[in-house]
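> sequence isn't available, so here's the structure alone:
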């Protein structure tokens, strides 16, 4: 490490002058620092100028992991060492970056992190997607979310299935054990479209679902998807896209994880092999 550089644990960055290049790199994390939504904050300084930041935070919903990031022009290894020191409360450390951030990926390899998930976040025009889905048959009987919420049996079945699907697709970073009612609260806080979020019902059981979330008048997000048994979700998606197009919505956005074997059936439709990915790595601490 450069003798002119020091690393110290700090509470904020207001008292320091930020290196210009570092300030640009900190844009995505600035809100976390300003609102003190962090577990640890380390500064690499030289003559009262911050040259690098090491930050960690936790998630009450994923209690076994500590999340970290390193933003530095020099001494990334030293900042990483500081972030890996306090691991007693967590059994894994997670760091995520874009697949093009080769310098950070090389840093993680040095510390024996391994890739466990790729996430694709892309927006698409609805019309081309519907052209690709022309051969898909009509979906089975679809029940909108607002009807399910008025049926206590279907409501419980839906959110128990959502809970199970999420847990099974997050085995590398387990979620906290909470009742199905909490999953309902989580979904409703994310403002789903109650009319266009559909579930397939067979013999009074929820077999599959896709949630939609409005972002603006002409843009929607595809939310959580799930299934009870292997189900072709494309007919459900096709019907939703048709309805969105009728409402004047132009684009939809997907967030697809490689660990989500359910949503991954959209991969070919979305041509994910040609898209950039947000990669997540972890190292075990115990």
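Yep, that arrived. Computed from a predicted structure; not experimentally measured. Numbering: from 1, shown residues only.
> gap between stretch 13-33 and the chain center?
Offset of stretch 13-33 from its chain centre (CA atoms, centre = their mean, to the nearest Å): 23 Å.
> ok, and what's touching it?
With CB atoms under 8 Å, 6 or more residues apart in numbering as the contact definition, stretch 13-33 has outside contacts at 10, 12, 37-38, 41, 43, 45, 48-53, 55, 57, 69, 71-73. In this view, the C-beta of every residue, glycine as well, is placed from N, C-alpha and C.
> pLDDT on stretch 104-116, on average?
What stretch 104-116 shows for mean pLDDT is 96.
> what's the helix or strand for the residue nearest to residue 202 when sequence neighbours are not counted?
Computed as CB to CB, 6 or more residues apart in numbering, the closest residue to residue 202 that is not its neighbour in sequence is residue 140, at 7.4 Å. Using DSSP states H and E, residue 140 is not contained in any helix or strand.
> before we move on, the earlier item: list buried residues within the contacts of stretch 13-33.
Buried members of those, counted by 16 or more other CB atoms under 10 Å: 10, 38, 41, 43, 45, 50-53, 55, 69, 71-72.
> which strands and helices sit next to the helix or strand residue 43 falls within?
Secondary structure from DSSP H and E places residue 43 in strand 40-46. Judged by 3 or more CB pairs under 8 Å, 6 or more residues apart in numbering; DSSP states H and E, strand 40-46 is in contact with strand 6-9, strand 49-59, helix 76-83.
> give me the mean pLDDT for that strand.
Averaging pLDDT along strand 40-46 yields 90.
> ok, it: who's next to it in the sheet?
Strands that pair with strand 40-46, judged by DSSP bridges, come out as strand 6-9 (antiparallel), strand 49-59 (antiparallel).
> and it, how far out from the chain middle?
Remark: strand 40-46 is offset 27 Å from the chain centroid, using CA atoms, centre = their mean.
> what's in contact with it?
By CB under 8 Å, 6+ apart, strand 40-46 touches 2, 4-13, 16, 33, 50-56, 72, 74-75, 78-79, 82-83, 86.
> give the ChimeraX command for selecting the buried subset of these.
Applied in ChimeraX, the following selects the buried portion of the contacts of strand 40-46 according to 16+ other CB under 10 Å:
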select :5,7,10,13,33,50,51,52,53,54,55,56,72,75,78,79,82,83
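> which residues of this structure fall in strands?
Here the chain has its strands, by DSSP state E, at 6-9, 17-18, 40-46, 49-59, 62-72, 92-98, 114-125, 142-144, 198-202, 205-216, 219-227, 251-257, 278-284.
> thank you kindly, that will do.
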